[in-house]
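Participant: would you be able to build a 3D model of this:
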Amino acid sequence: MIILLSVADNERKISLVSKSYALVFKSLNIPSKNDNNNNNNNNDGNIPYCSIELVTKASILNDRNYKRLLRHTIHGFIGLIEINNFIFIGLITGSSKLAQPIPNETINKILSVDFVCLNDSTWDFMELGALDYYDHSLSSSSSSSQIDKDIGDPQQRHPCHDLKKLLSNGSFYYSSNFDLTTTLQNRYLNNKTKGGIGDEDKDNDTNSNMNEAFMWNSFMMNEIMNYKNHLNVNHKKILNNEGFLTSVIRGFAKTFISYINHLKIALTIISKQSWKRAGTRFNSRGIDDDGNVSNFVETEFIMYSSQYCYSFTQIRGSIPIFWEQDTSLINNSRKIQITRSVDATQPIFDNHFIQLIEKYGPVHIINLLSKTKSNELKLSKAYKHHLINSNELRLDENVFLTEFNFHKETAQDGFSSVKRILPLINESILTNGYFSYDVKEDRIISKQVGVFRINCLDCLDRTNLIEQTISFANFKVFLTDFKLMNNNNNMRFIDDQDFAIKLNTLWADNGDQISQIYTGTNALKSSFSRKGKMSLAGALSDATKSVSRMYINNFSDKKTQQNIDLLLGRLPDQYPVQLFNPMNEFINSKLISMADNFTSFSSANILIGTFNVNGMSSNKSLDISNWLFPIGDKFKPDMVVLGFQEVIELTAGSILNADYTKSSFWETTVKDCLNQYVDDENEKYILLRVEQMSSLLILFFVKSDKINQIKKVEGSTKKTGFRGMTGNKGAVAIRFEYGNTSFCFVNVHLSAGVNNIEDRRNDYFSIMKNITFANSRKISNHSSIFWLGDLNYRITLSNEQVRKELYTENDGYIERLLEYDQLTKEINSNVIFQGFSEPTVQFRPTYKYDFGTNNYDSSEKARTPSWTDRIVYKGDNLSPLAYSASQLMISDHRPVYAAYRAKIEIVDEVSKANITEKLYLEYQRDHPDETIDFSDTEEDYDNDDDDGDDDRDLIHFEPGKYINPVAVAPKFDGNLTLPVDIEKTIAKTPPPLLPKRKIPAPPISRDSSSLSFRSVPLIPSRTPSSRVNSMNPPIPPPPRVQVKKDIDVSKNIATVENSKKEFKEEKEENIKRSIEEQTDTLIVSNKKSIEPSKLSFESVSIQRPPVPRKPKIFTSITDTLLVENDRKSSNSVGSKETLPPATDDLKTTNSINSSFKDTIELLSEDDDDDDSSSSIKKSFSPIEMTNVTSITSTNNQDKLKQSGNSNIQKKKKKPPAVPVEKESLENLPIHKWKPLSPKQK
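Facilitator: Below you'll find the predicted structure:
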């Protein structure tokens, strides 16, 4: 695809041109309307709208006003996004094919994206530079003057540069030929009538079964998908077939090729992270109100061969309760806080597992949390409690639990002890089964009917290792069931098989990628995942990663979280780009007039209280009824929000080591008091949220019958004490949504002191700026806002005057004192608390009393009585009912309460969706002529704008054939990266086929009720060639000699005539061979190029015997260079530089012109950037071989010096040190000469 721009007639249009059709985007400015979807940031009264038109490619190519906007080939369109009133079109401009689980299904990693602006020309014809700035040097020179005119600054940050950086970080993938959001089993079951695996019918709606939770660009594609859903069938086919709609996942995908015995297989791991509760490590924990958990990842392992296809799926996710963890530079101080009561959590907990059971079948939970660490132990107990006490889940029927203390089990014998978990879950491994498919007969053999759900604290390092262990154990069951490996012999050495080693590397890479997404570093314990053992280097690497995580979590994750929220459309006042067309306008106008059909209003009574308890706590029960029920049971609020200050003593020790257990005392006290008048379970008050920071605490209770209406309950804190370092002053806040009305409550303790008004202002602004909830919501982004707490505002009269007024209590004394109240002045002056109101104050000052009395402070300080404890509010839907103080004499403050009635808006989304669908049908019925004319559709055209897609087939399978590796299978060298150009590394001629073995009978399913072989629906057989690429099957690539610079060669290389006639004859025979087969590059050490034509090189003769045998080692005189095999130089399994499995005796002689006296370096293709060495090193394949090369001078041979004495190195010895110059051959005694002859067998 290509992207074109037209600005003819002052109408700006951008066209995305595919094979036969084009999508034309146009920007429209429409006057804003008073609806909730308008962006509050619009200052000009216009909203950026976009119109989309589907046209034929010919109509675009015939329009001469179009110019190419980007020189890059477009690999995919990922949607539209609006930033600062600019509409941007997201495009994939760079990708790499990394995985191919089965034929005809390919997965590409996104390497780069670009965003072109639809309604502004500032960034036209510009491309991003390396530093995420638009760089003129990358742009066309013809547009440079326009660039300078538009932006002036030669380097200006693009509004989408953070989004581009996120999408280009290597963690996003897409596929152009199948639905990447679903598993292989589900794809087959959904498409079994369309031809089976790998034959998804593009004429059908490929997005109909899409799992939206894994589609990370769903927000950007939201309006596009709505546009598509209301097209007719033919238009939907065009969008699918032309590749205009791209689904992007985040996670991991990679394929490796290996062998089981002589059967070629493709091993693939695909991991997909859900975006529903996406975020970084400490910004996203636990569960949300919709049952979505943090770091939820579905991992699928797929094996494909010409005989069978196998897949096995596991899931991981955070512990599904409401909990949070603070970031801290000290690991042990990262305290975990469970933020919602058991009663309030249970329905959400049950909903989470019900969703999993409906999707995957029975769920086997594997909890890896420690039972010795207090933080993890608390979570484990809560996890198990919810499972046991659930009325919806049936433990040991549809939910199973295995607790495996990972740290304890691996403390003695290392990580290899993780296999101890297998006996505990063996029954579930056999019961859950796996998905298998007969490739030749095109039919299902078995299905996976259950899933393992693994978790630790972060669901990263421990979880990945357990998933790897379970997956390999299940794969062994498959290999045994299908008799692909002999259970008695080969299974004992399965861990040493090439496919097992590559599988370990796949799992290690998978763990690293998921860890990078969630924490910013690679996974811990990945050294063990790769090699099966933990080395000192691996331990040191883990320590480094831990330090890096600490830094990233504290200093980088906040910005990363904002970028994620921007991509997912979660920022405040962020909405999908609006598509404008007559049908949408008709529907929107109708919805406004019909709002009463799906919108209802109700009222909710709210009780708000604030109490500075002055560090008081008691082991005895405390009666606070006259505070929470000032008029008895006549007023029973639907919601109760209470703010406490100084729940711990404000001493240095208490502040630095805050005791968070103090909150439990107030939780119990308040809960008991609220439920004293409860007769019906539906009226029971449930603690929905607790938020504590040092001495500040806020509690949120809701009636049971209203709890289903409360969503998105969150908390946040901000320290302001000692310039933001301590929590003795600051704020704790909660927010939630009741129906479609949002609420925010801020409990504060501001700076003290009569004259510190400016400090209190600074506290206010700091809290407003830094209190942030999920999706970057701020306090101001709510419709109903309350500030409560010890605001510490005083009365600016003398102590004597205030006390006199309070003592005499003359008429109007409270009004006279309020005239000097600092908070009243602040609100009236509109300096802070803009738009806030306070109910009429009709109670006496609440500070400061002598403890246990109604007397104001009689101490030496004799503080002036003041209204320090206040409640203010903001919101048109709020009506105050009461505002007063309670006479609880257990502190030097008096508690204050306020009662409100709130108007709640509730939108029935189901009814709204049904009405919308009816309106669509009505419009289409009344406007049948509004269709798209495609009569001039033309065939695909060839031009210089080829899409450039990577069409490499990574697996090259031919059905029904077994692949026989050449001699022996390549030896694993630790690097499993797929070749860049796989065609160059695969032999064109397939090896002779082994006799076709009899296919084993499919195994009987382990679950006779649902998985029996007879119950599996058979699929009609089809010709294999219609399903699978018919290319010749690949063989392991033939190795090739690679010579590297490692051994020093003197400038004057001498050769001596061998006295033995036999050796001389062998030399003359070998001269006939060309060096071109052995070397690629010749470079003089002083950087002067040497033309190969001026050199006479002789290469060894490499013969391939039918049976591999041990290579020979020769003894050399001074004209011979013997280079040992270096295993570490091998770049990949089956690398094209490797030698064949066996060679004949190697004897060579070469000549060189005497005019060249510089040292000659023989470099491999991959070493052209490394020129610091002056030695020659020959690199061989894992199949260890030895080669001999001789360089001789054609002139002045007798005058050259000896380069080294017996430069022979045997296998498995270290390379020789740089040789010292020896005496010339003329003076060498005859007894020191050694004949050059092959070593005998």
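
Participant: surely residue 291 and residue 352 touch.
Facilitator: Yes: look at residue 291 against residue 352 with C-beta atoms under 8 Å: they come within range, at 4.0 Å. (Glycine included, C-beta is placed from N, CA and C.)

Participant: okay, and the common contacts of the two?
Facilitator: Both residue 291 and residue 352 are contacted by residue 320, under the criterion C-beta atoms under 8 Å, 6 or more residues apart in numbering.

Participant: neighbour count for those two, which is higher?
Facilitator: residue 352 (24 against 19; other C-beta atoms under 10 Å).

Participant: any idea which helix or strand carries the more buried one?
Facilitator: If you go by DSSP states H and E, residue 352 is part of helix 342-360.

Participant: where in the protein is the helix or strand with the lowest mean pLDDT?
Facilitator: Across the helices and strands of the chain, mean pLDDT, DSSP states H and E gives its lowest value to strand 1160-1163, namely a mean of 31.

Participant: pLDDT weak spots in the stretch 251-400 of the chain?
Facilitator: Residues of the stretch 251-400 of the chain meeting the criterion pLDDT under 70: 327-334.

Participant: which stretches in it count as strands?
Facilitator: 263-273, 297-305, 308-316, 323-325, 336-338, 363-367, 399-403 (DSSP state E, counting those that start in this stretch).

Participant: partners of the second one in the sheet?
Facilitator: When pairing is defined by DSSP bridges, strand 297-305 lines up against strand 263-273 (antiparallel), strand 308-316 (antiparallel).

Participant: same question for the shortest one: list its buried residues.
Facilitator: Translated: strand 308-316. 308, 309, 310, 311, 312, 313, 314, 315, 316 (16 or more other C-beta atoms under 10 Å).

Participant: tell me the angle that strand makes with helix 342-360.
Facilitator: 170 degrees (axes from the mean of the first three to the mean of the last three C-alpha atoms, to 10 degrees).

Participant: specify the angle between strand 308-316 and strand 363-367 in degrees.
Facilitator: Using the same axes, to 10 degrees, strand 308-316 lies at 60 degrees relative to strand 363-367.

Participant: can you list contacts of strand 308-316?
Facilitator: Contacts for strand 308-316 (C-beta under 8 Å, 6+ apart): 102, 183-185, 197, 295-304, 356, 360, 434-439, 445, 448, 451-455, 459, 463, 467, 470-471, 474-475, 478, 482, 484.

Participant: of the residues you listed, which belong to helices?
Facilitator: 184, 185, 356, 360, 463, 467, 470, 471, 474, 475, 478 (DSSP state H).

Participant: pLDDT wise, what is the first one at?
Facilitator: According to the per-residue confidence, residue 184 scores 95 in pLDDT.

Participant: for the last one, same thing?
Facilitator: The per-residue pLDDT reported for residue 478 equals 94.

Participant: which non-adjacent residue is nearest it?
Facilitator: Of all residues beyond its chain neighbours, the one nearest residue 478 is residue 310 (5.2 Å), with distances taken as C-beta to C-beta, 6 or more residues apart in numbering.

Participant: ditto for the second one
Facilitator: Spatial nearest neighbour of residue 185, chain neighbours left out: residue 435 (4.1 Å); criterion: C-beta to C-beta, 6+ apart.

Participant: who's that neighbour bridged to?
Facilitator: With DSSP bridges as the rule, residue 435 is bridged to residue 311.

Participant: ok, it - contacts?
Facilitator: 183, 184, 185, 188, 310, 311, 312, 313, 444, 446, 447, 448.

Participant: what lines up beside the lengthiest strand in the chain in the sheet?
Facilitator: Assignment by DSSP state E gives strand 86-102 as the longest strand of the chain. Strand 86-102 pairs in its sheet with strand 76-83 (antiparallel), strand 105-117 (antiparallel), by DSSP bridges.

Participant: just the CA atoms of the last one, as CSV, please.
Facilitator: It refers to strand 105-117. Listed in CSV are the C-alpha atoms of strand 105-117, where the atom choice follows Å, rounded to 0.1, in the frame of the first residue of the first chain:
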residue,chain,number,x,y,z
GLU,A,105,-0.4,-17.8,8.6
THR,A,106,2.4,-15.3,9.2
ILE,A,107,3.1,-13.0,12.0
ASN,A,108,5.0,-9.7,11.6
LYS,A,109,6.7,-7.6,14.2
ILE,A,110,6.1,-3.9,13.9
LEU,A,111,9.5,-2.1,13.6
SER,A,112,8.3,1.4,12.8
VAL,A,113,5.1,3.3,12.5
ASP,A,114,4.3,6.8,11.2
PHE,A,115,1.4,9.2,11.7
VAL,A,116,0.2,11.5,8.9
CYS,A,117,-1.9,14.5,9.8
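
Participant: just the mean pLDDT for it, thanks.
Facilitator: Mean pLDDT, computed over strand 105-117, is 94.

Participant: where does the nearest residue to residue 777 once chain neighbours are set aside sit, in terms of helix or strand?
Facilitator: Computed as C-beta to C-beta, 6+ apart, the closest residue to residue 777 that is not its neighbour in sequence is residue 572, at 5.2 Å. When elements are assigned from DSSP H and E, residue 572 belongs to no helix and no strand.

Participant: how about residue 572, what does it touch?
Facilitator: 775, 776, 777, 778, 781 are the contacts of residue 572 under C-beta under 8 Å, 6+ apart.

Participant: top of the residues you listed by neighbour count?
Facilitator: The contacts of residue 572, ranked by neighbours (other C-beta under 10 Å): first place residue 777, 22 neighbours.

Participant: so who does the residue lying closest to residue 355 once chain neighbours are set aside touch?
Facilitator: Closest residue in space to residue 355, ignoring its immediate chain neighbours: residue 291 at 5.7 Å, by C-beta to C-beta, 6+ apart. When contacts are counted by C-beta under 8 Å, 6+ apart, residue 291 touches 320, 348, 351, 352, 355.

Participant: how much space separates the second one from residue 688?
Facilitator: The gap separating residue 348 from residue 688 is 11 Å, by C-beta to C-beta, to the nearest Å.

Participant: sorry, back to before: adding distance to residue 866 and neighbour count, write the ones in helices among the contacts of strand 308-316 out as CSV.
Facilitator: Converted to CSV, these look like this (distance: C-beta to C-beta, whole Å; neighbours: other C-beta atoms under 10 Å):
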residue, distance to residue 866, neighbour count
184, 70, 27
185, 69, 22
356, 55, 23
360, 61, 20
463, 55, 27
467, 60, 25
470, 64, 24
471, 66, 22
474, 70, 21
475, 72, 20
478, 76, 21
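
Participant: what's the neighbour count on residue 416?
Facilitator: Counted with other C-beta under 10 Å, residue 416 comes out at 13.

Participant: nearest to residue 716, of the strands paired with strand 86-102?
Facilitator: strand 76-83 (24.7 Å; C-beta to C-beta).

Participant: residue 576 - nearest residue in space that isn't next to it in sequence?
Facilitator: residue 222 (4.4 Å).

Participant: from what I see, the one you found and residue 574 are in contact.
Facilitator: No: here residue 222 lies out of contact with residue 574, judged by C-beta under 8 Å, at a distance of 11.7 Å.

Participant: who does the nearest residue to residue 110 once chain neighbours are set aside bridge with?
Facilitator: Counting by C-beta to C-beta, 6+ apart, residue 110 lies nearest to residue 172, which is 4.4 Å off, once chain neighbours are set aside. When bridges are called by DSSP bridges, residue 172 pairs up with residue 250.

Participant: burial measure for residue 172, as a count.
Facilitator: 24.

Participant: how many residues are close by the nearest residue to residue 293 once chain neighbours are set aside?
Facilitator: In space, residue 293 comes closest to residue 317 once its chain neighbours are excluded; the distance is 4.1 Å by C-beta to C-beta, 6+ apart. By the criterion of other C-beta under 10 Å, residue 317 has 24 neighbours.

Participant: just residue 754 next, same as before
Facilitator: A total of 14 residues lie near residue 754 under the criterion other C-beta under 10 Å.

Participant: against residue 915, how distant is the residue nearest to residue 293?
Facilitator: 35 Å.

Participant: now do residue 748
Facilitator: Going from residue 748 to residue 915 by C-beta to C-beta gives 44 Å.

Participant: between those two, who's got more neighbours?
Facilitator: residue 748 (27 against 18).
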